[in-house]
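Novice: Need a 3D model of the following:
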Amino acid sequence: MVDQLDTPVRSDIPAPKTKPRRSPDSTAGLLAKILLLGLTDAFAVYVLMALFMNEKWTILAVATAVTVLINWIYLRRGGLPAKYLAPGVLFLLVFQVFVVVYSGYIAFTNYGDGHNSTKDDAISSISMSAQKRIPDSPAYQVSVVEKGDVLSLLVTDPDGGVQIGTTGEPLADVDGAELGSTGKAVGAEGYRTLTFNELLGAQQEITAIQVPLGEDLDEGILQTADGSNAYVFKPVLVYDEAADTFTDTESGAVYTDGGEGSFITADGERLATGWKVGVGFENFERAFTDPDLRGPLVSVILWTFAFALGSVLLCFGLGLFLALTFNHPNLRGKKIYRTVMILPYAFPAFLAGLVWSGMLNQEFGFINASLFGGADIPWLTDPWLAKFSVLLVNTWLGFPYMFLVCTGALQSLPEDVNEAARMDGASAWRIFRSIKLPLLLVSTAPLLISTFAFNFNNFNVIFMLTGGGPRFSDTNMDIGATDLLITLVYKVAFGQGSGRDYGLASALAVIIFIIVAVISAVSFRQTKALEEVNS
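Specialist: The predicted structure is shown next:
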């Protein structure tokens, strides 16, 4: 029998692999995880309840799935990459992908002023707004009362009965109302009566109160102009639910659903209030066929390209020139000069636009008064001078960035290449044209493309300096000589002169996206040729 102590130990046998133990989370980390996840879930539950109460079933299903996914990611063991990526991916989907997809959806609808809700809401709005006072209707004494943030009318009818109601809620009897010396109800339990000063400060809200006399709007509604007396109004337009039509009680005109989100007569007369419907490619067609938009839009597109390209060339050219100048080895005080050069970059663009707008003012601006001896030069009101002014200001704002980029790129270039060129007798211009510039473009070309895309949508300078003006005279829309596509989209979307039209604005935004995407894709493909310079 061999003693176990004498058995040789083989060193070539690998030791058995042991699974690394996961270190448990620290107490502080666990508490932080519970707290953050609890707050997230509490907010999610609040959102889900609101969606449920408003019957937004599709969004409710998506929000529920996202909430469950987040809890699964952070409550399970492992999956560390997902825990770091989840917040970024979520915000990307909400603030980028959703915005792009929703804008694309709106581009195929008539969403805008008068078409911003459902058909049921439009019918209710038309019925409530198309009201006319009954000439012989009795006066109802009213007191304006408040409960929460809702204003209501406490009504004393001609027979002495007391009722209360608010917009969308018909009159209901009130028991135990507080009566004044004249028998008028002045207070009710659970409501606060507005004082005279409060009535004066809330005139707009008070006159907007429309209290139905009953469940049927045809019975009439009560409205008050002074918060003291109310009168009966009846609708001029009566809705027939069976026929889905509105009838004008005065003219007899019948408005039917025209299938385009509006009620329309046989003569083409539309009611102002409509609803949101899909319109296909109508917004895209309108952008190039509407007489008020077609001509100005072509001018705006051409100017947008010219502005973006001119801004890139001027900013890059001036920035490169200054970078070459202040990169000279024998120049003294380079740090001071470089600091001064980047000062315009420190100014917010919208603030600089306002300052330059004042300096370029035709009557009392600093440029005309000081530099041109009081000349009356229309820098911002003449179409061509306005374009020149916009390019000038944008160059002043943009060249520091290119100056910094070119300075860094110049300092990274290999000096031995320049020395070899000098030894071969190359001039300074030949060295710059054949060596420095190609090498610079290798690193700066992607930045030039991104700068072009930025200036293609450079809203601040245009809007703060000229507001897009001077305005074109051949259109009823608020479109001017210096408008870019992005400022045109803003004016169309937010009603600068022609009402808000989100559908058309979204269609124009889609066009901008396609143009910038195509140009960027082609440009980035072309920049691959520059990589051969380093090969």
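Novice: Low-confidence bits of the stretch 1-150 of the chain, can you list those?
Specialist: For the stretch 1-150 of the chain, the stretches with pLDDT under 70 are 1-26.
Novice: again, only using 50
Specialist: Under the criterion pLDDT under 50, the flagged ranges of the stretch 1-150 of the chain are 1-5, 7, 9, 22-23.
Novice: repeat for the stretch 351-500 of the chain
Specialist: For the stretch 351-500 of the chain, no range has pLDDT under 50.
Novice: doesn't residue 476 fall inside a helix?
Specialist: No - counting by DSSP: H, G, I helix; E, B strand; the rest coil, one finds residue 476 to be coil, located in no helix.
Novice: Verify the stated contact: it with residue 292.
Specialist: Yes - judged on CB atoms under 8 Å, residue 476 makes contact with residue 292 at a distance of 5.1 Å. To be clear about C-beta, it is placed using only N, CA and C from the backbone, and glycine gets the same treatment.
Novice: quick one, helices of the stretch 1-150 of the chain?
Specialist: Secondary structure of the stretch 1-150 of the chain (DSSP state H, counting those that start in this stretch): helices at 27-53, 57-75, 80-92, 98-106, 119-129.
Novice: Compute the inter-axis angle for the third one and helix 57-75.
Specialist: Spelled out, that is helix 80-92. Interaxial angle, helix 80-92 versus helix 57-75 (axes from the mean of the first three to the mean of the last three CA atoms, to 10 degrees): 150 degrees.
Novice: before we move on, what about the shortest one?
Specialist: Orientation check (the same axes, to 10 degrees): helix 98-106 against helix 57-75 gives 160 degrees.
Novice: Give me the helices and strands touching helix 98-106, please.
Specialist: Contact analysis of helix 98-106 by 3 or more CB pairs under 8 Å, 6 or more residues apart in numbering; DSSP states H and E lists helix 502-527 as its packing neighbours.
Novice: roughly how far is the helix it packs on from the heart of the chain?
Specialist: Helix 502-527 sits 17 Å away from the centroid of its parent chain (CA atoms, centre = their mean, to the nearest Å).
Novice: Check which residues of it are buried.
Specialist: Buried residues in helix 502-527, counting neighbours by 16 or more other CB atoms under 10 Å, are found at 502-512, 515-516, 519-520, 523, 527.
Novice: I'd say residue 174 and residue 156 touch.
Specialist: No - taking contacts as CB under 8 Å, residue 174 lies outside contact range of residue 156: 9.9 Å.
Novice: what sits against the residue nearest to residue 334 when sequence neighbours are not counted?
Specialist: Distances taken as CB to CB, 6 or more residues apart in numbering place residue 326 nearest to residue 334, at 5.3 Å, with adjacent residues excluded. Listed by CB atoms under 8 Å, 6 or more residues apart in numbering, the contact partners of residue 326 are 334, 337, 338, 341, 407.
Novice: Spit out the contact partners of residue 125.
Specialist: Residue 125 sits in contact with 117, 273, where contact means CB under 8 Å, 6+ apart.
Novice: picking that back up, ok, of the contacts of residue 326, which come out buried?
Specialist: Neighbour counting with 16+ other CB under 10 Å marks 338, 341, 407 as buried within those.
Novice: show me what contacts the second one?
Specialist: It stands for residue 341. 322, 326, 399, 400, 403.
Novice: Of these, select the buried ones using a PyMOL command.
Specialist: Only the buried members of those enter the following PyMOL selection, criterion being 16+ other CB under 10 Å:
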select buried, resi 322+326+399+400+403
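Novice: between the contacts of residue 341, which is nearest residue 303?
Specialist: Among the contacts of residue 341, residue 399 lies closest to residue 303 (CB to CB), at 21.1 Å.
Novice: can you pull the buried residues of stretch 257-273?
Specialist: For stretch 257-273, using 16+ other CB under 10 Å, the buried residues are 257, 261, 262, 263, 264, 265, 271, 273.
Novice: Same list (those residues) but as JSON lines, adding distance to residue 102, pLDDT and secondary structure.
Specialist: Output for these, formatted as JSON lines (distance: CB to CB, whole Å; pLDDT from 0 to 100; DSSP: H, G, I helix; E, B strand; the rest coil):
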{"residue": "257", "distance to residue 102": "26", "pLDDT": "93", "secondary structure": "strand"}
{"residue": "261", "distance to residue 102": "19", "pLDDT": "93", "secondary structure": "coil"}
{"residue": "262", "distance to residue 102": "23", "pLDDT": "93", "secondary structure": "coil"}
{"residue": "263", "distance to residue 102": "27", "pLDDT": "94", "secondary structure": "strand"}
{"residue": "264", "distance to residue 102": "28", "pLDDT": "94", "secondary structure": "strand"}
{"residue": "265", "distance to residue 102": "34", "pLDDT": "93", "secondary structure": "coil"}
{"residue": "271", "distance to residue 102": "27", "pLDDT": "91", "secondary structure": "coil"}
{"residue": "273", "distance to residue 102": "23", "pLDDT": "91", "secondary structure": "coil"}
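Novice: Dump those to JSON lines, plus distance to residue 218.
Specialist: What follows is the buried residues of stretch 257-273, written out as JSON lines (distance: CB to CB, whole Å):
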{"residue": "257", "distance to residue 218": "20"}
{"residue": "261", "distance to residue 218": "25"}
{"residue": "262", "distance to residue 218": "23"}
{"residue": "263", "distance to residue 218": "17"}
{"residue": "264", "distance to residue 218": "22"}
{"residue": "265", "distance to residue 218": "21"}
{"residue": "271", "distance to residue 218": "18"}
{"residue": "273", "distance to residue 218": "18"}
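Novice: Could you single out the nearest of the residues you listed to residue 248?
Specialist: residue 265 (8.8 Å).
Novice: dump the residue contacts of the residue lying closest to the closest one once chain neighbours are set aside.
Specialist: Among residues not flanking residue 265 along the chain, residue 253 sits closest, at 5.2 Å (CB to CB, 6+ apart). Shown in contact with residue 253 (CB under 8 Å, 6+ apart): 247, 265, 269.
Novice: Who are the contact partners of the last one?
Specialist: Shown in contact with residue 269 (CB under 8 Å, 6+ apart): 253, 255.
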